[in-house]
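1. my questions are about this predicted structure, shown below with the sequence.
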Amino acid sequence: MSDKIKDWINRESIKFVDIDQNYQLNIEDAEKIANYDFVVFADASVAEIDECKLEPVIPDLKTDFSMHSVTPSYILALCNNLFTKTPEVYQLHIKGYKWEFMHEISKKAEKNLDKAFQILSSFILEITG
Amino acid sequence: MGQKITIEPVTRVEGHGKVTIHLDNDGQVTQTRLHIVEFRGFERFVQGRPYWEAPVLVQRLCGICPVSHHLAAAKALDVIVGAGTGEGLTPTGEKMRRLMHYGQIFQSHSLHFFHLASPDLLFGIDADPVKRNVLALALENKDLAVQGVMMRKFGQEIIAATAGKKIHGTGAIPGGINKHLSAEDKERLLNGPAPLNIDSMIDWSLAALEFFDDYHEKNKGVIDQFVEFPSSYLSLVRKDGALDLYHGVLRAKDSKGSIILHDVDYQDYYKYIDEEVRNWSYMKFPYLKELGKQEGWYSVGPLARLNNAEFIDTPLAQKEFEKFKAYTKGGLNHMPMHAHWARLIEILHAAEKMKELLQDPDLMEGELIIKGMKKMEGVGLLEAPRGTLFHHYKINEQDQIKMCNLIVSTTNNNQPMNEAVNQVAKKMMTGKEEITEAMMNAVEVAIRAYDPCLSCATHALGQMPLEISLYNGDKLLHKKRNI
């Protein structure tokens, strides 16, 4: 998913955007987002949504029981508390349907990704003027 | 009718499990068990895949210690492609892999100490559970929490520079490595702006040991007397007896300190070690065959490594090692909470090793891979952050994997964790009329000292909680979930 988002940003020559791709979030991402004004966490989602959804991330002080990965809310809470920075953070859910190992993105999810690009495009235009 | 306590999930542990504690009518602990209740079967999953895919596939077991699986698989495949058994690689191949591995040890140990274990130390085992987390730690000791984040970040940067990616990289390949260290990465990691350079990491590693020394001095009851039991210890050591986290021979000592596995070649591990299956857990119970199922269990990890090693070949860590050994007058250290101390010494050792390797010209030039006469079977072992990790593969004539056996660090620590739970439960709960939050957390603290990764142990993926429950016979009296 992140490769496709990266390709789209390059294809559309979108400026003022850095992209970071990783398997999962962990504590060092709190330091990373402290250097930005706006952050969007984007990934395929199992959430009960139609197509895709962009929503603000609320810092959550609750510790996740496992540190294999942490949530965007936890990353933001760490950023606020450890680095005293308050970037505006959003999460872009892109509805996915099949999750088996080595599955290519499905046609249905590909359409959702196109919708997500439109939402991201408007969002970036809005914040960069 | 007796009572039964179940703890599920254990917080700040990597994975999913359940603790059950049975009490009789007099409040005496009659049975304790750490159950692992997830199973996915990665060993079957890789069967039929081309063997060269293994280092990339198997690291998907875990997001915290993928490098350990990546390298252990690559070491096993070195044997299969005829590149020797850990000593035949080119200098570049071996040193790049070592740098990757020390980056892994550094980041994983830092994450565990600063963000999983230190809240227990700083606020105490009986502190309000709301306070025992990293955000409370940030309010109490912000420097410590920030250092933990930056040390983990530095370790991840080392991994990215050697493996190509911070998580699930592709650097190690059968017979060697696929790239050199770039001049830019070398300069940045050695001399980049503070704190993200190696000298700052060494300073912070020393500062963390000072923090622990100070805490230990003031809280001997927590660190020394919280839990203690005799155990055998298994680890790799270098052939000359030095601590070596990447390669060596297998050594085991019994609980009195006598060597019972005499620096053997790990290609033959199955001659010495077997695994027992018990019907109440998906996690197996490894044991030394010579001592049998009952007596043959052993501990692995930082405490085992320092118990087995004779010295450390980096000067600052050696100084700390001498203090560590002097504390038990040169004898074995049977206090699991001292694993935190051992872990911090290994953080320092890894930092010193990373500096040594970053300055080594072999990483920037030279042959990357070597191959020889193909074999149909290979074993790869290394010391992962949590302990000795075994990867064993057999292939068929079509170059497909036909057998895979993984004994991960946490599995090796299965019985010791059960022993720790048993001892803490007996100490904290026997004869008590009320089971408090502090008592339940004490059980978790004992498990946490082993830094278990239960997803690795069960070869499962995804979020896996652990629960503690108290039973009177079959009647559930108390349950704790911490998600």
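-> Thanks, I have the structure now.
2. does stretch B:170-182 come close to chain A?
-> No: Stretch B:170-182 lies apart from chain A when judged by C-beta under 8 Å from any C-beta of the partner chain; the minimum separation is 12.8 Å. The C-beta positions use only the backbone N, C-alpha and C, and glycine is treated the same way.
3. ok, A:Y97 - how many residues close by?
-> For A:Y97, the tally of surrounding residues (other C-beta atoms under 10 Å in any protein chain shown) stands at 13.
4. nope, B:K256 is what I meant
-> Counted with other C-beta under 10 Å, B:K256 comes out at 10.
5. next: A:N112.
-> A count of nearby residues for A:N112, using other C-beta under 10 Å, gives 23.
6. so it sits in a helix?
-> Yes: looking at A:N112 with DSSP: H, G, I helix; E, B strand; the rest coil, it is inside a helix.
7. and the gap between it and chain B?
-> According to C-beta to the nearest C-beta, to the nearest Å, A:N112 stands 22 Å off from chain B.
8. contact partners for that residue?
-> A:51-52, A:94-96 (C-beta atoms under 8 Å, 6 or more residues apart in numbering or on different chains).
9. and of those residues, the nearest to chain B?
-> When these are compared for distance to chain B (C-beta to the nearest C-beta), A:G96 wins out at 15.0 Å.
10. residue contacts, the closest one?
-> For A:G96, the contact set (C-beta under 8 Å, 6+ apart) comprises A:44-46, A:105-106, A:109, A:112.
11. can you rerun that using 6 Å?
-> Counting by C-beta atoms under 6 Å, 6 or more residues apart in numbering or on different chains, A:G96 makes contact with A:44, A:109.
12. what pLDDT is listed against it?
-> On the pLDDT scale, A:G96 is placed at 88.
13. tally of neighbours for B:E433?
-> For B:E433, the neighbour count with other C-beta under 10 Å is 5.
14. check the one 3 residues further on too.
-> Summarising burial for B:T436: neighbours were counted as other C-beta under 10 Å, giving 13.
15. nearest residue to it in space, please, no chain neighbours.
-> B:D126 (7.9 Å; C-beta to C-beta, 6 or more residues apart in numbering or on different chains).
16. the one you found: neighbour count?
-> Neighbourhood size, B:D126 [other C-beta under 10 Å]: 13.
17. how about B:F106?
-> Neighbour count for B:F106, taken as other C-beta under 10 Å: 28.
18. and it, what does it touch?
-> By C-beta under 6 Å, 6+ apart, the residues touching B:F106 are B:155, B:350.
19. which of the helices or strands spans it?
-> In the assignment (DSSP states H and E), B:F106 maps to helix B:91-110.
20. how much distance is there from that helix to the middle of the chain?
-> Using C-alpha atoms, centre = their mean, to the nearest Å, the mean C-alpha position of helix B:91-110 is found 14 Å from that of the whole chain.
21. average pLDDT across that helix?
-> 97.
22. now the helix or strand that it is followed by, how far from the centre of its chain.
-> Note on helix B:91-110: by DSSP H and E, the next helix or strand toward the C-terminus is helix B:118-123. Here helix B:118-123 is found 20 Å from its chain centre; the criterion is C-alpha atoms, centre = their mean.
23. give me the helices and strands touching the helix or strand just after helix B:118-123, please.
-> Counting by DSSP H and E, the next helix or strand C-terminal to helix B:118-123 is helix B:134-140. Counting by 3 or more C-beta pairs under 6 Å, 6 or more residues apart in numbering or on different chains; DSSP states H and E, the packing neighbours recorded for helix B:134-140 are helix A:72-82, helix B:142-163.
24. switch to 8 Å and redo it
-> If contacts are counted by 3 or more C-beta pairs under 8 Å, 6 or more residues apart in numbering or on different chains; DSSP states H and E, helix B:134-140 sits against helix A:72-82, helix B:118-123, helix B:142-163.
25. does the second one come close to chain A?
-> No: residues of helix B:118-123 are not located near chain A by C-beta under 8 Å from any C-beta, the shortest gap being 8.7 Å.
26. the most centrally placed residue in chain B: what's its closest spatial neighbour, skipping adjacent residues?
-> For chain B, B:R386 is the residue whose C-alpha lies nearest the centre (C-alpha atoms, centre = their mean; 0.5 Å). Take B:R386 and drop its neighbours on the chain: the residue closest to it by C-beta to C-beta, 6+ apart is B:S409, 3.7 Å away.
27. skipping adjacent residues, who's closest to B:S118 in space?
-> Among residues not flanking B:S118 along the chain, B:L137 sits closest, at 6.1 Å (C-beta to C-beta, 6+ apart).
28. which stretches of chain A form strands?
-> For chain A, applying DSSP state E gives strands covering A:38-45, A:52-56, A:88-95.
29. the residue nearest the centre of chain A pairs with what?
-> Centroid-nearest residue in chain A, with C-alpha atoms, centre = their mean: A:F41, separated by 1.4 Å. In this entry, A:F41 is beta-bridged to A:Q91, by DSSP bridges.
30. where's it relative to B:K256, distance?
-> 53 Å (C-beta to C-beta, to the nearest Å).
31. ok, the residue nearest to B:E228 when sequence neighbours are not counted - contacts?
-> Spatially, and ignoring its direct neighbours in sequence, B:E228 is nearest to B:M335 (4.9 Å; C-beta to C-beta, 6+ apart). Contact analysis of B:M335 by C-beta under 8 Å, 6+ apart lists B:223-224, B:226-228, B:303.
32. now the residues you listed: which count as buried?
-> Restricting the contacts of B:M335 to buried positions leaves B:223, B:226-227, B:303, with burial counted as 16 or more other C-beta atoms under 10 Å in any protein chain shown.
33. rewinding a little: for the residue nearest to B:R386, give me its contacts.
-> By C-beta under 8 Å, 6+ apart, the contact set of B:S409 is B:68, B:300-301, B:384-389, B:453, B:456.
34. swap the cut-off to 10 Å and go again
-> Contacts for B:S409 (C-beta atoms under 10 Å, 6 or more residues apart in numbering or on different chains) come out as B:65, B:68, B:300-301, B:304, B:383-390, B:450-453, B:456-457.
35. and it, how close does it get to chain A?
-> Shown here: B:S409 relative to chain A, a distance of 15 Å by C-beta to the nearest C-beta.
36. tell me how far B:L316 lies from chain A.
-> Distance, B:L316 to chain A, by C-beta to the nearest C-beta: 25 Å.
37. close enough to count as contact, that residue and B:D199?
-> No: B:L316 is beyond contact range of B:D199, at 11.9 Å (criterion: C-beta atoms under 10 Å).
38. what do these two both touch?
-> By the contact definition C-beta under 10 Å, 6+ apart, B:L316 and B:D199 are jointly contacted by B:A351.
39. please identify which of those two sits among more neighbours.
-> Using other C-beta under 10 Å, the more surrounded residue of B:L316 and B:D199 is B:L316, with 17 against 13.
40. what secondary structure does the more buried one sit in?
-> Relying on three-state DSSP, one would call B:L316 helix.
41. how near is it to A:F117?
-> Using C-beta to C-beta, B:L316 is found at 51 Å from A:F117.
42. and B:A74, by the same measure?
-> According to C-beta to C-beta, B:A74 stands 38 Å off from A:F117.
43. the more surrounded of the two?
-> More crowded of B:A74 and A:F117, by other C-beta under 10 Å: B:A74, with 30 against 18.
44. can you tell me which residues contact that one?
-> Neighbouring residues of B:A74 by C-beta under 10 Å, 6+ apart: B:52, B:54-56, B:58-59, B:83, B:89, B:93, B:97, B:100, B:171-177, B:380, B:382, B:391.
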